[in-house]
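[1] Here is a sequence together with a model predicted from it:
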Amino acid sequence: MLRLEDAVIRNGEFTVRADWAVDGGARVAVIGPSGAGKTTLIEAIAGFRPLERGRILWDGRDITGDAPGKRPVAMLFQDGNLFPHLTVAENAGLGLRPDLRLNAEQKARVRAALTRVGLAGLEDRKPGALSGGQQSRAALARVLLQDRPLLLLDEPFAALGPALKVEMLDLVAALAEETGATLLMISHDPDDARRIADQAILVAVGTAHPPQPTAALLDNPPPALRDYLGET
Amino acid sequence: MADRAQPVSGAAGVGAAAFVAALILGTLAAVALRAEPGKGLGPADWQALRFTLMQAALSAVFSVALAVPVARALARRRFPGRAALITLLGAPFILPVIVAVLGLLAVFGRAGWVSQALGAVGLEPLRIYGLHGVVLAHVFFNLPLATRLILQGWQEIPAERFRLAAQLGAGPGAIWRLLERPMLARVAPGALAVVFAICLSSFAVALTLGGGPRATTVELAIYQAFHFDFDLGRAALLSCIQIALTVIAASLALRARPGGGFGAGLDRPVQRWDANTTGLRLLDTGAIALAALFLLLPLAAIALSGLPGLPQLPLSVFRAAATSVLIALGSTAILLLLAVPMAATVALARHALWVELAGLLGLAVSPLVIGIGLFVVIYPLADPFALALPVTALVNAVMALPFALRILVPRAQAVIGDYGRLGASLNMGGGPFLRLVLLPRMRAQIGFAAGLGAALSMGDLGVIALFADTEVATLPLQIYRLMGAYRMEAAAGAALLLLVLSMLAFWIFDRGGRWHAEA
């Protein structure tokens, strides 16, 4: 279980408050107007932004002061998720060992993960020689190998076309299902949120609200969300 | 961003910066303590100070004044080879001074091409030794630099301003008053100060083309006090004067940085609708052609006069060449060991200011002053002459450090900005991040910096002149000795060899950095 206890995160002039918990294995969309602090919230959970106040706990363990790589977190950023000078297999292998000193068994696991995401045979390509969708798959293979219980997505598929984005989100959902990981994903598209996430966190006016059932939140949006969604 | 979100540690860079600072400030302190002010400055010393200031001022004025028409022509004309010419303007930076001096002698010397042409019509040959020659060589080296600085000023005028001026019907005169003159008023003082500062610590040019009581720079006087009189106290006193000169000049150059510009444009390509008259076209063509000739003729002269000397090069030249290659390799290794960690530390914004300042210290001291300081420090402990080669490699590396950092720091910042978080989220420690991400992604810049360092070290004629006994010589020093023995053909041949080695050293490292580099 992920718990944010009376947390205040500062990003320059504005702050985001959060005081709630997400159950283990849940799939949660983070929605809200631009600039409200969705990325700030995710960055704090990932360890890239210190808390001004409060604590972050994972399964009761305080991770507030842990370095990003020491947290039970795998994260996909908006862009720059792959090292362009490393091959697909190397990029994925970083999920197992960040120094890439892999033994035969680990190399086999890398191949298996790449096969699982549909990249069999492309192990030796560099990211530049892959399509956008294939690049996303390579990053997901690494997430699979990282095998962290909490997966954070900061809109990594925003640059893909609508059909490809849906395909990737379905793959993410399937992978989260297989590994039992808890998923937190920022989303700008209510349909994506409905499709993947059973719960949603609304970030608006300096507060990240507790998770609610996605359908209920979107069907009966509070004013801040209604303005953002542009519904009548 | 929080400190803990960075994958690399800054410790190595801080260590390297501390080493550089200790080396430079330590040698300066040693020089200051060793100086013997009791004797005061003699008339010859005052003369050296006057000559240093005068030649630097003249060199700065001529370089910048001549650079203005060349830069203007390059700014408002587009022609095939323009990009190549602008690249060529960067070449004198890695051109060994002694090679350029021999080339200038072949063109402007007493027996040179110009003098021969003058003789054919019954005129006196040119005299290159003395003030003229020193200024000529300094203009050769700094006209390209000044042109690049001023051209940058022209290119910083946004295309929108020229479009607006054209729409208002402004001709060349109006554009000069509206845009170009204010730009020059901003840029030219900086260019003057930079060239002045560079020429203040001129050693190799003064050594080869100056000399004598009337054409001795302070740097040359340091060398003479040390080398001929072995008067360490006086050499140290003169070094203190040189330190004061460089510090004043460096602060002038920093203060003369242009402030306030023309505002931002939208980076549209600059199009010029003015300056289309035949007269202006001829003027610009002439400026570009003359500048190109001035830069290329001495190089062509080296190639032409060096070729016949190549087959008869004495063995001593090849020994010296091998020594120079070794020093260049050692110096490049030291340079990278210092510069790469320092660049990473600056990019992490950890102690960035102090590390950057330490990196700039090399600009504030002259190699001869560091050489004298190191001699003072080493002398009680070991035989400094036995350490001539390592000391030369070390000083060369420290002198190249400011330039290497300018190449490496922006790239390190970009790599850490782009991939620092990904590395941190993957729990990459400092070692793996360095090995797997930072170094591979900085390869091209590391290669370029190494190439510059190797070429600068290969062509350097400075500290080695202080420390070398007759047994040891680098190739530039050997060329100087051949010139001193009036063996000009062998000197020209050796200069051609040095030119090829320097360019090769640059090319191999630079190329190596980009070899198989993808993405």
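    Sure thing, it's come through. These numbers were taken from a predicted model, which means no experiment stands behind them.
[2] Go through the helix or strand hosting B:Arg421 and flag the buried ones.
    Using DSSP states H and E, B:Arg421 sits in helix B:388-425. By neighbour count on 16 or more other Cβ atoms under 10 Å in any protein chain shown, the buried set for helix B:388-425 is B:388-389, B:391-405, B:407-409, B:411-413, B:415-416, B:419-425. Backbone N, C-alpha and C define where each C-beta goes, glycine included.
[3] For B:Ala386, give its distance to A:Leu119.
    Counting by Cβ to Cβ, to the nearest Å, the gap from B:Ala386 to A:Leu119 is 61 Å.
[4] The two: who's more crowded?
    Taking other Cβ atoms under 10 Å in any protein chain shown, B:Ala386 and A:Leu119 do not tie; A:Leu119 has more neighbours (22 against 13).
[5] interface residues of chain A facing chain B?
    Neighbours of chain B within chain A, by Cβ under 8 Å from any Cβ of the partner chain: A:46-50, A:67-70, A:73-75, A:77, A:80-81, A:83-86, A:90, A:94-95, A:98-100, A:126-128, A:142, A:146.
[6] Can I get the buried part of these as one ChimeraX selection?
    This is the ChimeraX syntax for the buried subset of those, where burial follows 16+ other Cβ under 10 Å:
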select /A:46,47,48,49,67,68,69,73,74,75,77,81,83,84,85,86,90,94,95,98,100,126,127,142,146
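[7] From the residues of chain A next to chain B, which land in helices?
    With helices defined by DSSP state H, the entries of these inside them are A:46, A:90, A:142, A:146.
[8] Any figure for the gap between A:Leu152 and B:Glu471?
    Taking Cβ to Cβ as the measure, A:Leu152 falls 67 Å from B:Glu471.
[9] Settle it for me: which of those two has more neighbours?
    Higher neighbour count among A:Leu152 and B:Glu471: A:Leu152, with 25 against 7, using other Cβ under 10 Å.
[10] in the sheet, who's paired with that one?
    Taking DSSP bridges, one obtains A:Met75, A:Leu184 as the residues bridged to A:Leu152.
[11] Let me see the confidence value for it.
    The model reports A:Leu152 with a pLDDT of 94.
[12] and what of B:Ala16?
    pLDDT at B:Ala16 comes out at 92.
[13] what about it, neighbour count?
    Counted with other Cβ under 10 Å, the neighbours of B:Ala16 add up to 23.
[14] residues contacting it?
    Under the criterion of Cβ atoms under 8 Å, 6 or more residues apart in numbering or on different chains, the neighbours of B:Ala16 are B:337-339, B:341-342.
[15] Can you dump the C-alpha atoms of the helix or strand containing it in CSV for me?
    Assigning secondary structure by DSSP H and E places B:Ala16 in helix B:11-34. C-alpha atoms of helix B:11-34 as CSV (Å, rounded to 0.1, in the frame of the first residue of the first chain):
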residue,chain,number,x,y,z
ALA,B,11,34.0,14.4,-5.6
ALA,B,12,36.5,13.6,-8.4
GLY,B,13,35.8,17.0,-10.0
VAL,B,14,36.3,18.8,-6.8
GLY,B,15,39.6,17.0,-6.3
ALA,B,16,40.7,17.9,-9.8
ALA,B,17,39.8,21.5,-9.3
ALA,B,18,41.6,21.6,-6.0
PHE,B,19,44.7,20.1,-7.6
VAL,B,20,44.6,22.8,-10.4
ALA,B,21,44.1,25.6,-7.9
ALA,B,22,46.9,24.3,-5.6
LEU,B,23,49.2,24.0,-8.6
ILE,B,24,48.6,27.5,-10.0
LEU,B,25,48.2,29.4,-6.7
GLY,B,26,51.0,27.5,-5.2
THR,B,27,53.4,28.3,-8.0
LEU,B,28,52.3,31.9,-7.9
ALA,B,29,53.0,32.0,-4.1
ALA,B,30,56.4,30.4,-4.7
VAL,B,31,57.2,33.1,-7.3
ALA,B,32,56.0,35.9,-5.1
LEU,B,33,58.1,34.6,-2.1
ARG,B,34,61.2,34.1,-4.3
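[16] List the buried residues in that helix.
    Neighbour counts over helix B:11-34 (16+ other Cβ under 10 Å) mark B:12-14, B:16-17, B:20-21, B:23-24, B:27-28, B:30-32, B:34 as buried.
[17] longest helix in chain A, by residue count?
    The longest helix of chain A (DSSP H) is helix A:162-179.
[18] Below-threshold pLDDT in chain A: ranges please.
    A:231-232 (pLDDT under 70).
[19] Not counting its neighbours along the chain, what's nearest the residue of it found nearest chain B?
    For chain A, the residue closest to chain B is A:Gly69, as judged by Cβ to the nearest Cβ, at 2.5 Å. Closest residue to A:Gly69 apart from its sequence neighbours, by Cβ to Cβ, 6 or more residues apart in numbering or on different chains: B:Asn427 at 2.5 Å.
[20] And for A:Leu160?
    Spatially, and ignoring its direct neighbours in sequence, A:Leu160 is nearest to A:Gly132 (5.4 Å; Cβ to Cβ, 6+ apart).
[21] pretty sure that neighbour contacts A:Pro156?
    No: the criterion here is Cβ atoms under 8 Å, and A:Gly132 misses it with A:Pro156 at 10.6 Å.
[22] out of those two, which sits in the more crowded spot?
    A:Pro156 (25 against 14).
[23] what number of residues lie near the nearest residue to that one once chain neighbours are set aside?
    Ranked by Cβ to Cβ, 6+ apart and with sequence neighbours excluded, the top spatial neighbour of A:Pro156 is A:Leu76, at 3.8 Å. Using other Cβ under 10 Å, A:Leu76 has 23 other residues around it.
[24] quick one on the thing from earlier: biggest separation within the contacts of B:Ala16, which pair?
    For those, the maximum inter-member distance is 9.8 Å, found between B:Leu337 and B:Met342 (Cβ to Cβ).
[25] More neighbours: the two, which one.
    Neighbours per residue (other Cβ under 10 Å) separate B:Leu337 from B:Met342, with B:Met342 holding more: 30 against 14.
[26] Was I right to think the more buried one contacts B:Gly359?
    Yes: the pair B:Met342 / B:Gly359 is scored as a contact, 5.8 Å apart, by Cβ under 8 Å.
[27] intersection of neighbour lists for the two?
    What both B:Met342 and B:Gly359 touch, as defined by Cβ under 8 Å, 6+ apart, is the set B:17, B:20, B:401, B:405.
[28] Show me where chain A has its strands.
    Using DSSP state E, the strands of chain A run over residues A:2-11, A:14-22, A:27-31, A:51-58, A:61-62, A:73-76, A:150-153, A:182-186, A:199-204, A:207-208, A:212-213.
[29] quick revisit: enumerate every residue touching the residue nearest to A:Gly69.
    B:Asn427 sits next to A:67-70, A:98 when contact means Cβ under 8 Å, 6+ apart.
[30] Check B:Ser115 too.
    B:108-109, B:125-126 are the contacts of B:Ser115 under Cβ under 8 Å, 6+ apart.
[31] Just the buried residues of the residues you listed.
    Using 16+ other Cβ under 10 Å, the buried ones in the contacts of B:Ser115 are B:108-109, B:125-126.
[32] can I get these in TSV with distance to chain A and pLDDT?
    Converted to TSV, these look like this (distance: Cβ to the nearest Cβ, whole Å; pLDDT from 0 to 100):
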residue	distance to chain A	pLDDT
B:Phe108	49	90
B:Gly109	51	86
B:Pro125	59	81
B:Leu126	55	81
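[33] Can I get the residues you listed in JSON lines including secondary structure?
    As requested, those are exported to JSON lines (DSSP: H, G, I helix; E, B strand; the rest coil):
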{"residue": "B:Phe108", "secondary structure": "helix"}
{"residue": "B:Gly109", "secondary structure": "coil"}
{"residue": "B:Pro125", "secondary structure": "coil"}
{"residue": "B:Leu126", "secondary structure": "coil"}
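[34] Show me which pair in these is furthest apart.
    B:Phe108 and B:Pro125, at 9.8 Å, using Cβ to Cβ across these.
[35] helix, strand or coil for the residue in chain B that chain A sits nearest to?
    Proximity of chain B to chain A (Cβ to the nearest Cβ) peaks at B:Asn427, 2.5 Å away. Here B:Asn427 is recorded as coil under three-state DSSP.
[36] Please consider this matter closed, and thank you.
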